[in-house]
Every structure is written in structure tokens, then in C-alpha cells.
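Trainee: here are the coordinates; sequence isn't available:
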């Protein structure tokens, strides 16, 4: 039941604007085409000096948000204070893709040609700078400092997306990728062998800080890395249930196909796949689901071709990831994990990439997780990692964001791994010292499968169809198996199936959140939703029917900003953010509402006993919201900007830092003079070449194996030994120790041959020790002498 206050707020929101304007409020907002959270100099924690003392000053990077409208685009910053700030707004026709380019990495040999113009905004508009080319066929780079266009790159075919890092700008076209140098914007390399995808990403790629992953259209055996997707051969209870469900679903689709054959829409005896296959054979047999990862630094200039004849320069890994075409993929912040999804959207795969300096065929790709979303079809539009890589959020076009727990090193997520604010080691101290892993390995090698519920099925990935031909490298394995610590060699780690802990669906309007959880508090562009996290969320209106069944959302993890809205009078304490195990999840929808959701993982409530290995569940609740959608009355905010504009300040800070890293004097910088002098003296004293090479001479030992404590685990085994000869060895079941009453003569413990042995020299006198007098004993000690004292070992 709504309180009186809530119903008034709802009434005001739903009724009053219509009464005054005479039109529904929906027409007042501009239509949003796409939303995205951006990484730029403004929130670059590694290169922006402002955030380097992040733990001491409580200085945290803002969220940077880009919204693409049917006319123009907008950039917002939401700093830790929670007051949203508009940084850029323009109306110049529809924009397909836009990026704020980060300041490039420079060195003494490579300088930035556009340093005075930065920060730059790369835009792909419907009407390009030339005006004559077809729509969306050119990338224009605008300077936010001066407002002028500094570069335009033309293409013959439409552009689908832009990606950038501090080394390259990547332009994504249909079945092609073109990469340009960040300093000069000259062409570096291009790929023409991408597998086409139906959408929403026509050509899905993932760009890390150095690696670029894309969907290859064929599998080349000589470049194939070890590992890759483990197929459906995941032997766990969940997997068995899932595969049963899949069989039922396949049965249903087959029924559907039979019906269509009867009605005559398809030629009888041919399924859709076969029809597609026949049409493909005529052109070239493309293989879906293959991924190639290239190193953008070492790859040769010109065309990147993965073929039998090409050498593997710059190819980091090449492996099968799915059986269907790839739909979306993303690297984690460190760039070592890759999450991929296919066009069905039932399961998402998490791979760990372990490279080899020789070639991609020696690299290993570990399939750590299968994140199981569900059995209905859904297209993925956005993947986001938390900063510690323990949580991954996958958002589909239905507007739902699925929150999965993972570990960067694999294994089952549990209370020990996900309930502490910091990342824990793969093995706890007990596991490390107890030798349990070795015992488990012995057991699994004898049985042949890791506790598989289906008898006769091994859980090793080589059992799956994709791994049938990988065993040609056994000779190489035997050759290098003297190094048991090499993670690239078999056996590959076991696969874990993870189900989402939370599924968050964005509501149609903020009114639906209000009705559910209480009145707003209007603040500086933000209102707080005050609700206890325990409150049961009411059924939300499904937004799937909003824009042709598609509903664009983007998600990102960040420190909580709702504290400001809840108590604007209070100052933020330093440790305020430390109380949450998980950062807040921010989701922006195509209605322009940004909502902060607080995530609270906890042990499974149905678990009888909470231990380290207890599975998790999660509570989520919306905590604060910002309405960021633009109305037609808003003024535009266009460059040139003042020098104190946040994007310009950030670009200056990062460029200054880049100069210092490269050992160069920053031009006209207001920085400390002593620092420049010291850099000059460094440059003059030693030749630069030697300075660069010294690091390669350093020998680094990153870790040593665990020193097992003898007392910390099951290392000892006790056995009864019966050697030949007359010696009787005491064991707990031996009859020697059983007393048969006082009259029995005790059997001698050691039958020595006394002729050969001088008993006096052996210092074993007296043969029997004196009995100890016990308190409360009635007989004096002297009475007991000569009576055999026998201790029963079983008592």
C-alpha cells in the first residue's frame, strides 16, 4: 500500500505536467538511441596524477557517460559528490558512435602531433565533414580545446563502432577492422577476415590496453591455441539439468520445423541450418565462433591475415569460443580475461588467456566459467567488470542486467572469495598446506573423471568435440613436463557453471521505482530512493516492448554516490566507501535515467551451516537516481571550452604525466623546475639506450611454492609392520600388551640371544622401571615390586 506522501508524489509526477502542458510528458524528452559509459583521461586512475593517492585523499574518479540522441549527443560527468555535471552537448544530426580519445603514450622517438589540440572527440555522424560521402562513412576528430576539426578519415563502407586506447584508434566496419596510430592517425594495420554478426554489434570486437580480440571467420589449425571452449561437456549437476532442458528445447524447435515443412514454407527434408550451409558453401565455408587475439604493438603493419602460410607475428591466441556466431565480447581491466557471448545468449564464456612468446599455437586458453543466463534467446549489448574482476554484469537487449560472481583465477565463487572487501588467494592457507590438491589429483587420475554425474564421462576438456584434434602436442608436453608449474600445459583447469545472483531490469519510468520504494528527495540533479534493502521488489513493467522490443542499457561499477543524496549536510568520511563488499552498480537506460543499485552479497539463506565454501545469494536495491535526458529547450554546450573545463584539465594532467614518463620536458608546463633539471641531467649523464635496457637484465622471482608445515595436514600414515625374525613389534592390537591377570608371567619384549650380547654394556638396567606411586593408592610401593605392571594401550 502506498503511503499518503507517496501517492501525492506519484500524482504530481503523473498528472500535473499533463494538466499544465496539455501533452504527455514523453514528447518533451529527446529520443535516446544509445548510451555508454566512457573511459577517458578524466577517470584514468593509472595516468591521472589526481587519483594516485586514491586511498588517502578519498579522491575517486567520476563516472563519464555518453548519450547518443536522434539529433546530436551529450556527455555527462558524475563525480563522487553525486552532482551530475554536463560537459558537452550538441545537436548536429544523428551520431552512430563517439569516443573521447585518451592522451596517447609517447616516447623520445614518438611524439604526439596533436598535443596542443587535445582532448579530441572522435565522432561518426550521418553527415560527415565532406558532406558528399554516404552516411556514417567518415570519422571526424574534433578538438574540445579549440572547437575545430583536426582530422577526418574517410571510408567507402559504413562505420559501425569506434574503440580507442592510448596506442590506437580502431574503426569497426562491416567484416573489417582498421586501426590508426593515436599520435599521428596514420593507418597501422587492418583486418578483413571478421565473421559477420546479425546485431546489435555488427562486428563485435574487444580492445584492451594492448590486445585486440575479434571474431575470425575460419579456424586455422597451425595457429590454434591449446584449450578454448569446452563444449557442453560440463559435468556438474547444473550442467546435467541445463542439457536436459536444452534437449527439450531442441525437441520443440524440431517440432516447429516439422510443422513448417508440412505447411510448405521450407523444402522438406532440409532444416534452416542446412539451407544456410548450402548457400555458404558456394561462397566460402565460414566457421562461426572463432576468436583471434592480436597484439597491437607487435603486429606487422598492413593487413593482418591468419592463414596457413602466414607467420604468427603479433597473433596472441586463436581458438574456438562458441558454436554459434559471436555477438559481444569484452576484456577485464587487466586484459587477461575475455568474456564472450554468442547470438543465442544462453551461455556466456569466460576465458583466461595465457600467452607464449613464440607463437599462438603454444599459448593456452583456459575456459574458466560458463555463465548460464537462461533458455530464452537474448542478444547481449553490454558487458562490464568490477575493478577487482570478481563480478561481471552482462546486459541484454531486453533491458535486463545479469550479475555473475567470478574469480580471476577460476573456481567456485563462495563466501570466502566474495564476502571480503579484498580479493583472496586461489587457495586458503589450509588448502595450501594440507596437500589436498595432490590427493584429489591422484583420485581423479584413477577414476578418470571429476565426480561426473554421468558415468563414463570424463570432465577433461579433450572429451568435447572441439578438443578432438588437440592431442598432437603430447610430444611437446612430455618434452617440457619437467616444469610442473607451467599453467599453459595440460591438464587444463576444470570448468565451473555459474548462475546469475541478481537480474536487474530497468523500469520504464522513474515513477515505477517511486511507487515501489518511497518518495524522492529532490537534490542537485539527483534524488535518493530511501528504502530498506530487504524490501521485496514489486513486479516491474517490462520495458521490452518500448523500442521495437529492444531496450538499450549500459552498466558500470563505481563507488557509491547515494550517501550525498541521503544526507547532503554530512561530510563524506574517508572510510565511507569501505563498508561495501561490492561497489555500487550504475545502470543507464534509454529513458535517460541513471540508477545506482546497491549490491549486497551474503551466504545462501537456505544453507544449514555457513562455512568458507557456502554458496552466495544477493540482495539488490535501487538507492539513487539521476534524470539525464535532454529536453529540446536545453542550450547546447559546444567547444571551444575554458582551460578549467574538467575534460581539458584531465587531458593536461595526463599529458604532463606522459612527458615525465618518457623523460621529456613538458612544453610550457607550470610544474616544478627541479624535476625538469633532474630529467635533463639524467638524459645527459647516460645514453637513453642503456636506460631503456637495464630492466630486461633484472631477474624477477614472482613467487615460490608453498612451504608445507609438517604439522598442518594429513602427511603421516600409520601402519603395522611385521618383519621377519624374533622381534615383536608393539602395535595397538598386539597381544603383548593385553594383561591376563597377576599370575601370568609377562612375555619378554625383546628376545636377545644373551650369549652374543653383554647386557651390562647396553645400559638397560633396571630392565623394568620402578612403578610410580599414585596419590590415593592403598598399598605401599614396596608391595608392588616384582609384580608385572602392564599398561593397556587401548584404555
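Mentor: Received the coordinates, thanks. Every value quoted in this text rests on a predicted model; they were computed, and no experiment measured them. Residues are numbered from 1 along each chain as shown.
Trainee: any idea which element residue 376 lies in?
Mentor: In the assignment (DSSP states H and E), residue 376 maps to no helix and no strand.
Trainee: what's the answer for residue 161, then?
Mentor: Using DSSP H and E, residue 161 falls in strand 159-164.
Trainee: residue 661 too?
Mentor: Here residue 661 is assigned to helix 646-662, by DSSP H and E.
Trainee: list the contacts of that helix.
Mentor: 40-42, 44, 47-50, 62, 75, 77, 85, 87-88, 100, 102-108, 112, 115, 118-119, 144-145, 641-643, 665-667, 669, 671, 675, 679 (C-beta atoms under 8 Å, 6 or more residues apart in numbering). Heads up, the C-betas are built off the backbone N, CA and C, glycines and all.
Trainee: do stretch 302-314 as well
Mentor: 189-193, 216, 218, 220, 222-223, 292, 294-296, 298-300, 315, 318, 359-361.
Trainee: any chance of a ChimeraX selection covering the buried ones in these?
Mentor: Buried residues within those, by 16 or more other C-beta atoms under 10 Å, are selected in ChimeraX with:
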select :189,190,191,193,216,220,223,292,294,295,296,299,315,318,359,360,361
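Trainee: re the thing from before, just the contacts of helix 646-662: which are in strands?
Mentor: 75, 77, 85, 87-88, 100 (DSSP state E).
Trainee: and those, which two are furthest apart?
Mentor: Distances among the ones in strands among the contacts of helix 646-662 were taken as C-beta to C-beta; the most separated pair is 85 and 100, at 14.7 Å.
Trainee: more neighbours, the two?
Mentor: Between residue 85 and residue 100, counting by other C-beta atoms under 10 Å, residue 100 is the more crowded of the two (24 against 14).
Trainee: isn't the more buried one right up against residue 121?
Mentor: Yes. Assessed by C-beta atoms under 8 Å, residue 100 is found in contact with residue 121 at 5.7 Å.
Trainee: need the overlap of contacts for these two.
Mentor: With C-beta under 8 Å, 6+ apart, residue 100 and residue 121 have common neighbours residue 144.
Trainee: re earlier: and the contacts of helix 646-662, which are buried?
Mentor: Buried, going by 16+ other C-beta under 10 Å: 40-42, 44, 47-48, 50, 62, 75, 77, 87-88, 100, 102-106, 112, 115, 118-119, 144-145, 641, 665-666, 679, out of the contacts of helix 646-662.
Trainee: confirm that residue 594 sits in a helix.
Mentor: No. Read with DSSP: H, G, I helix; E, B strand; the rest coil, residue 594 is strand and lies in no helix.
Trainee: what's near enough to touch residue 107?
Mentor: Contacts of residue 107 (C-beta under 8 Å, 6+ apart): residue 662.
Trainee: residue 611 - nearest residue in space that isn't next to it in sequence?
Mentor: Excluding its sequence neighbours, the residue lying closest to residue 611 (C-beta to C-beta, 6 or more residues apart in numbering) is residue 415, at 7.2 Å.
Trainee: same question, residue 31
Mentor: Per C-beta to C-beta, 6+ apart, closest to residue 31 is residue 70, 4.5 Å.
Trainee: how many neighbours does the one you found have?
Mentor: 12.
Trainee: cool, and residue 603?
Mentor: Residue 603, neighbours per other C-beta under 10 Å, totals 17.
Trainee: just residue 560 next, same as before
Mentor: Neighbour number of residue 560 under other C-beta under 10 Å is 20.
Trainee: any idea whether it is helix, strand or coil?
Mentor: From three-state DSSP, the assignment for residue 560 is coil.
Trainee: okay but it is in contact with residue 581, surely?
Mentor: No. The criterion here is C-beta under 8 Å, and residue 560 misses it with residue 581 at 11.9 Å.
Trainee: quick one: residue 317 and residue 338, what's the gap?
Mentor: 9 Å (C-beta to C-beta, to the nearest Å).
Trainee: which residues of the stretch 501-650 of the chain fall in helices?
Mentor: 510-517, 562-566, 646-662 (DSSP state H, counting those that start in this stretch).
Trainee: coming back round to it: wait, the residue nearest to residue 31 touches residue 34, no?
Mentor: No. The pair residue 70 / residue 34 is not scored as a contact, 10.5 Å apart, by C-beta under 8 Å.
Trainee: paired strands for the strand holding residue 161, with orientation please.
Mentor: Paired neighbours of strand 159-164 in the sheet (DSSP bridges): strand 168-173 (antiparallel).
Trainee: which is the next helix or strand following the partner strand?
Mentor: strand 176-181.
Trainee: that following strand pairs with which strands, and in what direction?
Mentor: Applying DSSP bridges, one finds strand 176-181 paired with strand 168-173 (antiparallel), strand 187-191 (antiparallel).
Trainee: any idea which of the ones you listed is most buried?
Mentor: Greatest average neighbour count among the strands paired with strand 176-181 goes to strand 168-173 (a mean of 24), per mean count of other C-beta atoms under 10 Å.
Trainee: can you list contacts of the host helix or strand of residue 341?
Mentor: Using DSSP H and E, residue 341 maps to strand 337-342. Contacts of strand 337-342 with the rest of the structure, by C-beta under 8 Å, 6+ apart, involve 206, 213, 288-289, 291, 293, 321-332, 348-353, 368, 371, 380, 383, 385, 389, 392, 394, 408.
Trainee: now the buried members of those.
Mentor: 206, 213, 288-289, 291, 293, 321-322, 325-332, 348-353, 368, 371, 380, 383, 385, 389, 392, 394, 408.
Trainee: restricted to strands, list those residues.
Mentor: Using DSSP E, these in strands are 206, 213, 291, 293, 326-331, 348-353, 368, 371, 380, 383, 385, 392, 394.
Trainee: for residue 128, helix, strand, or coil?
Mentor: coil.
Trainee: could you list every residue that touches it?
Mentor: Counted by C-beta under 8 Å, 6+ apart, residue 128 has contacts 135, 137-138, 140, 152, 154.
Trainee: so of the residues you listed, which ones are in strands?
Mentor: Those of the contacts of residue 128 lying in strands (DSSP E): 138, 140, 152, 154.
Trainee: select from these the one having the most neighbours.
Mentor: residue 138 (21 neighbours).
Trainee: check the ones in strands among the contacts of residue 128 against residue 184 and report the nearest one.
Mentor: Among those, residue 152 lies closest to residue 184 (C-beta to C-beta), at 14.5 Å.
Trainee: quick one: that closest one from residue 133, how far?
Mentor: 10 Å.
Trainee: after the helix or strand containing residue 97 comes which helix or strand?
Mentor: Using DSSP H and E, residue 97 maps to strand 95-101. Sequence-wise, the next helix or strand downstream of strand 95-101 (DSSP H and E) is strand 120-125.
Trainee: sheet partners, orientation included, of that following strand?
Mentor: strand 95-101 (antiparallel), strand 138-143 (antiparallel).
Trainee: out of those strands, nearest to residue 399?
Mentor: strand 95-101 (21.1 Å).
Trainee: just want the angle from the closest one to helix 646-662.
Mentor: 50 degrees (axes from the mean of the first three to the mean of the last three C-alpha atoms, to 10 degrees).
Trainee: residue 286 contacts residue 219, doesn't it?
Mentor: No. Contact criterion C-beta under 8 Å: residue 286 and residue 219 do not qualify, at 10.3 Å.
Trainee: which of those two has more neighbours?
Mentor: It is residue 219, of residue 286 and residue 219, that has more neighbours when counted by other C-beta under 10 Å, with 18 against 15.
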